[in-house]
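# sharing a model prediction with you, sequence too.
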Amino acid sequence: MSVVRTATLADLPRLCRTAMHAFATDPVMRWFYPDDDEYYAGDGAVMEPLFRRWLTYDSTFTTDDCVAVAAFIPQTPSAVAVASPSPENSPHTPERLAKFAVIGPLMQANTPPEVHWYLNLLGTHPHWQRQGLGAMVMAPIMETCDRDGLPLYLETETVENVAYYSHHGFTVRSEWDVPLDGPHMWGMIRRPNTDRHS
């Protein structure tokens, strides 16, 4: 039986590898990094800047073996998953910077205005999928949301994920298309189940 715990900086290499494999066909990640050599370079290095930011919030949860992970940003009224990097001294290509520039404002425009928790990433290594691990690593913040009466928000880019999150109590709040041949995106929200804490 897997144990869920708060992730730490010591988990960084394993978390990055898990997320890299989990998101190998993700429409947004592969829109930013379509080249396999670049995406897989460094055994998860593509995910490291994201996890370094998420871990500062102390609200990233993982299994004891780091094969599943959920990264949350707490109670942010205007969270954006992909922040536009500074062009100065940036390793990103002009094409990728243009993609950051268009997706960030769209995500911000579709973010709920009220205080909420934000599920920035949920991923399970493909070898361990369909075992309920995603639900397990989401559970701590879902319980917090129910206790505190706060919604939980996320974005996703596939109809399969829409169905998955619907099964866990999320409903579609908005949809939009990303320019520059970007993906179609859904914003989904889970309202708190206050009956559990009444």
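The structure has been received and is ready for your questions. Numbering: from 1, shown residues only.
# so what's the most centrally placed residue in the chain closest to, chain neighbours aside?
Centroid-nearest residue in the chain, with C-alpha atoms, centre = their mean: L121, separated by 1.7 Å. Leaving aside its chain neighbours, L121 sits nearest to A71 (4.3 Å; criterion: C-beta to C-beta, 6 or more residues apart in numbering). Quick note: C-beta positions are derived from backbone N, CA and C, even for glycine.
# which strand residues bridge the one you found?
As for beta bridges, A71 partners with T60, L121 under DSSP bridges.
# residues contacting the residue nearest to the centre of the chain?
19, 50, 54, 69-71, 81 (C-beta atoms under 8 Å, 6 or more residues apart in numbering).
# helices or strands up against the host helix or strand of I103?
Element membership for I103, per DSSP states H and E: helix 94-109. Contacts defined by 3 or more C-beta pairs under 8 Å, 6 or more residues apart in numbering; DSSP states H and E place helix 94-109 against helix 27-32.
# buried sites along the helix it packs on?
For helix 27-32, a neighbour-count test (16 or more other C-beta atoms under 10 Å) marks 27-32 as buried.
# with stretch 48-59 instead?
Burial within stretch 48-59, assessed by neighbour count using 16+ other C-beta under 10 Å, is assigned to 48, 50-51, 54-55, 59.
# include pLDDT and distance to E143 when you put these into CSV, please.
Formatted as CSV, these follow (pLDDT from 0 to 100; distance: C-beta to C-beta, whole Å):
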residue, pLDDT, distance to E143
E48, 95, 29
L50, 95, 24
F51, 96, 23
W54, 96, 19
L55, 96, 21
S59, 97, 12
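# restricted to helices, list those residues.
If you go by DSSP state H, the buried residues of stretch 48-59 have 48, 50-51, 54-55 in helices.
# wait, which of these is closest to E95?
E95 has its nearest neighbour among those in L50, at 19.5 Å by C-beta to C-beta.
# now that closest one: how far from H168?
22 Å (C-beta to C-beta, to the nearest Å).
# okay if I get the buried residues of stretch 48-59 as a markdown table plus distance to T6?
Putting these into a markdown table (distance: C-beta to C-beta, whole Å) gives the following:
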| residue | distance to T6 |
| --- | --- |
| E48 | 19 |
| L50 | 17 |
| F51 | 13 |
| W54 | 11 |
| L55 | 9 |
| S59 | 8 |
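# list just the nearest of the residues you listed to V159.
The closest of the buried residues of stretch 48-59 to V159 turns out to be L50 (C-beta to C-beta; 24.3 Å).
# can you tell me how far that closest one is from S174?
Noted for L50: a distance of 23 Å to S174, by C-beta to C-beta.
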